[in-house]
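Asker: predicted model, plus sequence, below.
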Amino acid sequence: MTVIHEVQQVMIVNTPFGEEQVLFIIDYGIHMNSIWVCTSLSDGKIRHYDTNQITMTINHTLGLNVKK
C-alpha cells in the first residue's frame, strides 16, 4: 500500500543538488525505499530522491548534525 505524507513543518535536507525543502514523502511499503519530493532553495525546481540520496541539515532543536 502506497502512502503519501505531506510534510507540514519546514524540513531542509542535503541533496546531490544542494539544500532543498521537503514537500512530500512517498512510502511504497517495506520492499522499497521511500521517495522524498523536494524543492530547491536556489532555483525552485522540484526533484524526487531515494532515501539513500539525502541527509538532514543541522537541526538546532534536536541537536542533529551540529559540528563541534
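Answerer: Ah, there it is. From a predicted model like this one, the values you see are computed outputs, not experimental measurements.

Asker: drop to CA atoms for contacts and neighbour counts, all remaining ones
Answerer: Fine.

Asker: give me the sheet partners of the helix or strand of the chain with the lowest mean pLDDT and which way each runs.
Answerer: In the chain, no helix or strand scores lower on mean pLDDT, DSSP states H and E than strand 55-56, which sits at a mean of 89. Paired strands of strand 55-56, with direction, are strand 12-15 (antiparallel) (DSSP bridges).

Asker: what's in contact with the partner strand?
Answerer: Glu19, Glu20, Gln21, Val22, Tyr49, Gln53, Ile54, Thr55, Met56, Thr57 (CA atoms under 8 Å, 6 or more residues apart in numbering).

Asker: ok, stretch 22-37 next?
Answerer: Against stretch 22-37 from outside (CA under 8 Å, 6+ apart): 1-8, 10-13, 38-39, 46-52.

Asker: buried residues in the longest strand along the chain?
Answerer: Of all the segments of type strand in the chain, defined by DSSP state E, the longest one is strand 18-27. Neighbour-count burial for strand 18-27 flags Glu19, Glu20, Gln21, Val22, Leu23, Phe24, Ile25, Ile26, Asp27 (criterion: 16 or more other CA atoms under 10 Å).
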